[in-house]
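Colleague: Attaching a predicted model along with its sequence, questions to come.
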There are 2 protein chains.
Amino acid sequence: MNETSNKGESRADPALYRRIRADLEEAILSGKWPPGHRIPFEHELMVRYDCARMTVNRAVSALVDSGLVERRRRAGTFVAQRKVESAVLNIPNLADEVKARGMRYSYRRLSLDRRAAGAEDVKDYGVEERADIIEIRSLHFADDIPLVCELRLIHVAAVPAVADLTFEEASPGSWLLAHVPWTEAQHRISAVTPDRQTTALLEIPRNTACLCLERRTWRNGGPVTFARQIFRGDMYHFAAHFVPSN
Amino acid sequence: MNETSNKGESRADPALYRRIRADLEEAILSGKWPPGHRIPFEHELMVRYDCARMTVNRAVSALVDSGLVERRRRAGTFVAQRKVESAVLNIPNLADEVKARGMRYSYRRLSLDRRAAGAEDVKDYGVEERADIIEIRSLHFADDIPLVCELRLIHVAAVPAVADLTFEEASPGSWLLAHVPWTEAQHRISAVTPDRQTTALLEIPRNTACLCLERRTWRNGGPVTFARQIFRGDMYHFAAHFVPSN
DNA sequence: CATGAATTTATGTATAGACATAAACCTGAG
DNA sequence: CTCAGGTTTATGTCTATACATAAATTCATG
């Protein structure tokens, strides 16, 4: 009756539940089954694929987890409405990013300060009042062209080891990535016209629009670090790729 | 031996496999089990939760799907290494976004053109040479303040129904979202200084840095639409949230 | 005819058992 | 010591069965 039948075959190469899932996914993403459409009952899929309900259920449950379908008891399973579009954005590890483009990466620390967080830090960067913090300003280069100007705050309490580091060779970002896991992160991307000092550092004309990436990370509820990176406007963009569901 | 035991209880309120999954997730995200750590064997979890292997397997399989752990036969299940930081970015559905902030959303179509794609369209927007396209320019408002200036190209071949629409009431974005599923999308976020015409439409000073979101979508390999949205710089940013895995 | 109770049905969860398979481990021949 | 080949083990998949539960439908009753 249909080409997807598994009847009589010894056993499919890929796991059957994967094939069922893929078939359903295909029908949905191709538009054959639009949002709101009721997909076949588990009972019907059992017959079509000649397998047990648990196998069908596993396939459909995976689609539920990925947000492609919704199920209502006694009513059936329905293709989910498209939600707000979601995309996966890769927040760059600068050194890798630059090298991947065949350029030479380098880094220069401008300053390092250890102090207690003041009211301004709380307001501007969301750190905690009076927290013991280290502030690092630095530049990242691609082929010796300044690409990113970075301000970094690190909570010493969250990462005691930073107290002994000068960050003259390794950037705070790469050191933290290798040494401090985070469990939560928030990113904010905006467009800014950098101040005079920043335009000078990046060697760009004043009034050049630049991307600004602010990142806060937490570990087990406690703040770890704040970073503000200003990307040289004419050399950078962020790219995001599709997410079919959710 | 531990507080998570399910022994002797009539039946847990939330599904047991969800609780197992949540427990494992907690241990991983809290840092208790760092990347590379071997989590308990299914056999051990069966004992701990006093359940069948299928139940444990279902929980762990879900973690595999989400990328939090990796499994190796005969060796066990291991917490996955953190990859390059990935974040989930919500590409806004403008109307919803504006309403969610308690503002009134409105929309105005500026122009609509149907023509064959020229060399310039190919270069600037990546559409196909000589393709039959519709070009729409429009503005989106929040409380009557112009928020976004949009340029939209639609391949008529991919969406024949657009030939009959004027887009005077509904924006191309919302109409497409409701009527045309896409299977692939690419987003590009950059910072721009808009041209004179755009600054006039958005009622902002010249030299204001603005976010520019360019989006291309495909359906089964064929291009569907291109959009370039310029966001009023002082009123908008993109926010992205953490992804523990991937 | 309205309304609440009983019934039906599709999904939700769990189980014990079975066999497959990749990879780690062990062992014996050379 | 090395390497081929056998063994063990943890995961990978599937099944048949069971009972729970939410919600749509039907039905009885005032």
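Modeller: Everything's here; your move.
Colleague: Hmm, residue A:139 is touching residue A:149, no?
Modeller: Yes - look at residue A:139 against residue A:149 with Cβ atoms under 8 Å: they come within range, at 5.8 Å. (Each C-beta comes from the backbone N, C-alpha and C, glycine too.)
Colleague: Those two: who's more crowded?
Modeller: Neighbour count, other Cβ atoms under 10 Å in any protein chain shown: between residue A:139 and residue A:149, residue A:149 has more, with 24 against 17.
Colleague: For that one, give its distance to residue A:98.
Modeller: Applying Cβ to Cβ, to the nearest Å, the value for residue A:149 to residue A:98 is 15 Å.
Colleague: any bit of the strand or helix carrying residue A:58 sitting next to DNA strand C?
Modeller: Residue A:58 belongs to helix A:53-65 when elements are defined using DSSP states H and E. Yes - for helix A:53-65, a contact with DNA strand C is found by Cβ under 7 Å from any atom of the strand, at A:53, A:54, A:57, A:60, A:61, A:64.
Colleague: hmm, which of those are the buried ones?
Modeller: Buried members of the residues of helix A:53-65 next to DNA strand C, scored by 16 or more other Cβ atoms under 10 Å in any protein chain shown, are A:57, A:60, A:61.
Colleague: what's the domain layout of chain A?
Modeller: By the assignment in automatic domain parsing, chain A contains the domains A:16-79, A:87-242.
Colleague: What segments of chain A are strands?
Modeller: If DSSP state E is used as the criterion, the strands of chain A fall at A:38-39, A:69-72, A:76-79, A:86-90, A:105-116, A:132-142, A:145-155, A:184-192, A:210-219, A:222-231, A:238-242.
Colleague: Can you add distance to DNA strand D and mean pLDDT and give the ones you listed back as CSV?
Modeller: Shown next, in CSV, are the strands of chain A (distance: least, Cβ to the nearest atom of the strand, whole Å; pLDDT from 0 to 100):
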stretch, distance to DNA strand D, mean pLDDT
strand A:38-39, 11, 96
strand A:69-72, 5, 95
strand A:76-79, 9, 96
strand A:86-90, 23, 72
strand A:105-116, 37, 96
strand A:132-142, 39, 96
strand A:145-155, 36, 95
strand A:184-192, 27, 88
strand A:210-219, 27, 90
strand A:222-231, 31, 92
strand A:238-242, 25, 75
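Colleague: what residues does chain A put near DNA strand C?
Modeller: Contact residues, chain A versus DNA strand C (Cβ under 7 Å from any atom of the strand): A:41-43, A:53-54, A:57, A:60-61, A:64, A:71-77.
Colleague: let's see 10 Å
Modeller: By Cβ under 10 Å from any atom of the strand, the residues of chain A that approach DNA strand C are A:10-11, A:13, A:38-46, A:52-54, A:56-58, A:60-61, A:64-65, A:69-78.
Colleague: Show me how to select, in PyMOL, the buried members of the residues you listed.
Modeller: Only the buried entries of the residues of chain A next to DNA strand C go into this PyMOL selection, using 16+ other Cβ under 10 Å:
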select buried, chain A and resi 39+40+42+45+46+56+57+58+60+61+69+70+77+78
